[in-house]
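In: Quick check, what structure comes out for this input:
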Amino acid sequence: MKPRLLLSLLATLMVALVVHNVVFAHGMTTVGDYELEIGFHNEPVVVGMPNSLDLFVTNAKTSEKVNGLQDTLQAEIIFGASKKSFSLEPQEGQDGAYTAYVIPSAVGDYTWHITGKINDTPVDVSMTSSPDTFNSAEEASVYSFPGTASQPAGSANTALMVGGAGLVIGLIGLVVGLAALQAARRQK
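Out: Numbering: from 1, shown residues only. Just a heads-up that it's a prediction; the model follows:
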């Protein structure tokens, strides 16, 4: 087998594995004739980072994606005793896909609660982050490199020292430049 063909096959396999992991970082549930896939759009879920609901609705009998549900379904995100309701928006360029934007602000498990109707089918489902559904929210420090989100690599003191050194070097350059200018004027 030629090396280029082998590299192409390996690259394709790697992309397929990544896509497979992204697609299955969601939970699935069935409501009447419809399958709902629920999760966070960006996984891993990082505290303080913008994220959103990923909701995909498919007719289980026909395998067709179900559009136009933004007016008949609502989403609620729950964390402990805190709840927030959202109107759904269609995801651009994807049939049967809906979203609601959120920034998770605490580490732990979140629940998406979807209510309303799909055509004549009532919907009232909840799905909580777990190993079988979607990721729980984690601190940014778990993924930050170098350093952590709360303590970046280097520190404010280091930045202050570097800035001070730059100021001193700039002043020295200014003094040398002025001295050279005066020396040039004297030679005329």
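
In: Could you verify that residue 183 is part of a helix?
Out: Yes: Residue 183 sits within a helix when classified using DSSP: H, G, I helix; E, B strand; the rest coil.

In: Could you list which residues are in contact with the closest residue in space to residue 76 that isn't next to it in sequence?
Out: Closest residue to residue 76 apart from its sequence neighbours, by CB to CB, 6 or more residues apart in numbering: residue 113 at 4.2 Å. Glycine gets a C-beta too; all of them are placed from N, C-alpha and C. Applying CB atoms under 8 Å, 6 or more residues apart in numbering, we find residue 113 in contact with 75, 76, 77, 78, 124, 125, 126.

In: Contacts only, for the fifth one.
Out: Residue 124 makes contact with 113, 114, 115 under the criterion CB under 8 Å, 6+ apart.

In: Could you export the residues you listed as CSV, including secondary structure and distance to residue 85?
Out: Below are the contacts of residue 124 laid out as CSV (DSSP: H, G, I helix; E, B strand; the rest coil; distance: CB to CB, whole Å):
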residue, secondary structure, distance to residue 85
113, strand, 9
114, strand, 11
115, strand, 9
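
In: now, among these, which is nearest to residue 97?
Out: Residue 97 lies nearest to residue 114 out of the contacts of residue 124, by CB to CB, at 13.4 Å.

In: Which pLDDT value belongs to the closest one?
Out: pLDDT, residue 114: 98.

In: residues near residue 180, how many?
Out: Residue 180: 10 surrounding residues under other CB atoms under 10 Å.

In: can you tell me how far it sits from residue 115?
Out: Computed with CB to CB, to the nearest Å, the distance linking residue 180 and residue 115 is 76 Å.

In: Tell me which stretches of the chain form strands.
Out: Using DSSP state E, the strands of the chain run over 27-31, 34-40, 45-46, 51-59, 73-79, 82-87, 89-90, 97-99, 101-102, 111-118, 121-128, 137-138.

In: Summarise which helices and strands the second one is packed against.
Out: It refers to strand 34-40. Judged by 3 or more CB pairs under 8 Å, 6 or more residues apart in numbering; DSSP states H and E, strand 34-40 is in contact with strand 27-31, strand 51-59, strand 111-118, strand 121-128.

In: got the contact list for the residue nearest in space to the middle of the chain?
Out: Compute the mean C-alpha point of the chain, and by CA atoms, centre = their mean the closest residue is residue 42, 3.5 Å away. With contact taken as CB under 8 Å, 6+ apart, residue 42 is in contact with 49, 50, 51, 52.

In: And the chain, what are its domain boundaries?
Out: Residue ranges for each domain of the chain read 14-142, 154-188, as given by automatic domain parsing.

In: most neighbours per residue, which of those domains?
Out: Sort the domains of the chain by mean neighbour count, taking mean count of other CB atoms under 10 Å, and domain 14-142 sits at the top with a mean of 16.

In: about what we covered before: tell me the bridge partners for the residue nearest to residue 76.
Out: On the basis of DSSP bridges, residue 113 is bridged to residue 76, residue 126.

In: Please report how far it lies from residue 105.
Out: Distance from residue 113 to residue 105, counting by CB to CB: 18 Å.
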